[in-house]
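A structural model of the following input is requested.
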Amino acid sequence: MTKFLSMTDENLVKAYAQGNNDAFDVLLKRHQDRIFNYILRIIKNEDLANDIFQETFVKAILTIKQGRYTENGKFPAWISRIAHNLIIDYYRQEKSENLQSADLEDIDVLNRKELAEETIEDIIISDQIREDVRFLIKKLPPLQREVLNMRYYQNLSFKEIAEITGVSINTALGRMRYAILNLRRIAAEKDIVLTI
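As a prediction, the model looks like this:
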């Protein structure tokens with residue numbers, strides 16, 4: 001790992017693309033404070049900033065692993081742009097969710113499913129979905145199941161998961177990615193639909 005500390009960002013990206021996870025750990029440590037502080041400065045919510053920070057590095061991992069990272073000697077600018085785009089996406093989504101106006105006559109703002117009481121059918125479907133999700137999670141390899149449970153059921157950050165499991169953040173992110181891919185694959189194979 002110490003051999004990577006003196007490497008340039010571009011060489012670290014190349015080493016990671018060739019399968020050396022320690023190289024990405026060095027990149028992450030090198031840029032994490034600056035990227036997180038940038039996100040937090042704009043978002044002003046630590047939990048949300050953590051989510052966007054983690055999503056930023058997941059996108060970076062996927063892009064590099066898929067061979068879509070174009071070397072231009074500007075990794076810090078590239079990773080900042082990913083974070084910036086995710087922040088914009090968050091604000092766009094929030095804006096579109098808040099756009100409904102009570103002034104529009106053809107839209108009854110109070111006539112929304114989430115404001116209505118659950119029907120027996122809704123309860124049965126929700127119970128079936130929860131049962132299906134439990135079934136799918138049991139089919140995952142133990143390490144993927146562990147990360148998924150810690151993230152979604154214990155609400156831990158990837159940094160906390162990495163510390164608890166004694167692996168790098170990159171490894172924890174990778175396990176989560178594969179867990180989600182495997183859940184989708186198993187659901188498709190078993191013809192399980194997880195939506196109402």
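
What is the helix or strand bottoming out on mean pLDDT in the chain packed up against?
Within the chain, confidence by mean pLDDT, DSSP states H and E is lowest for helix 120-138 among all helices and strands, at a mean of 79. Judged by 3 or more Cβ pairs under 8 Å, 6 or more residues apart in numbering; DSSP states H and E, helix 120-138 is in contact with helix 142-148, helix 169-189. Placement of C-beta: from N, CA and C, glycine included.

I'd like the ones you listed laid out as TSV, including mean neighbour count, mean pLDDT and distance to residue 52.
Formatted as TSV, the helices and strands packed on helix 120-138 follow (neighbours: other Cβ atoms under 10 Å; pLDDT from 0 to 100; distance: least, Cβ to Cβ, whole Å):
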stretch	mean neighbour count	mean pLDDT	distance to residue 52
helix 142-148	18	91	19
helix 169-189	18	89	14
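
who wins for proximity to residue 25 among those helices?
Smallest distance to residue 25 across these (Cβ to Cβ): 5.6 Å, for helix 169-189.

and that closest one, how far from the chain's centre?
In terms of Cα atoms, centre = their mean, to the nearest Å, the centre of helix 169-189 is found 11 Å from the chain centre.

who's in contact with that helix?
For helix 169-189, contacts defined as Cβ atoms under 8 Å, 6 or more residues apart in numbering pick out 21, 24-25, 28, 54, 57-58, 61-62, 132, 136-137, 139-141, 143-148, 151, 158-159, 161-162, 165, 167, 192-194.

again, only this time at 7 Å
21, 24-25, 28, 57-58, 61, 136, 139-140, 143-144, 147-148, 151, 158-159, 161-162, 165, 194 (Cβ atoms under 7 Å, 6 or more residues apart in numbering).

With stretch 29-42 instead?
Counting by Cβ under 7 Å, 6+ apart, 46, 49, 52-53, 56, 76, 79-80, 83, 87 sit against stretch 29-42.

Widest-spaced pair of these?
Using Cβ to Cβ for every pair in those, the one that comes out farthest apart is 46 and 76, at 22.5 Å.

picking up where we left off before, let me have the helices and strands packed on helix 120-138 in a markdown table, adding distance to residue 41 as columns.
A markdown table is the format used below for these (distance: least, Cβ to Cβ, whole Å):
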| stretch | distance to residue 41 |
| --- | --- |
| helix 142-148 | 29 |
| helix 169-189 | 21 |
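
in what helix or strand does the spatially most central residue of the chain lie?
The residue lying closest to the centre of the chain (Cα atoms, centre = their mean) is residue 55, at 4.3 Å. Assigned by DSSP states H and E, residue 55 belongs to helix 46-65.

By neighbour count, which bits of that helix are buried? Give me those.
Using 16 or more other Cβ atoms under 10 Å as the test for burial, helix 46-65 gives 49-58, 60-61, 63-64.

For the residue nearest to the centre of the chain, which non-adjacent residue is closest in space?
Spatial nearest neighbour of residue 55, excluding adjacent residues (Cβ to Cβ, 6 or more residues apart in numbering): residue 86 at 5.6 Å.
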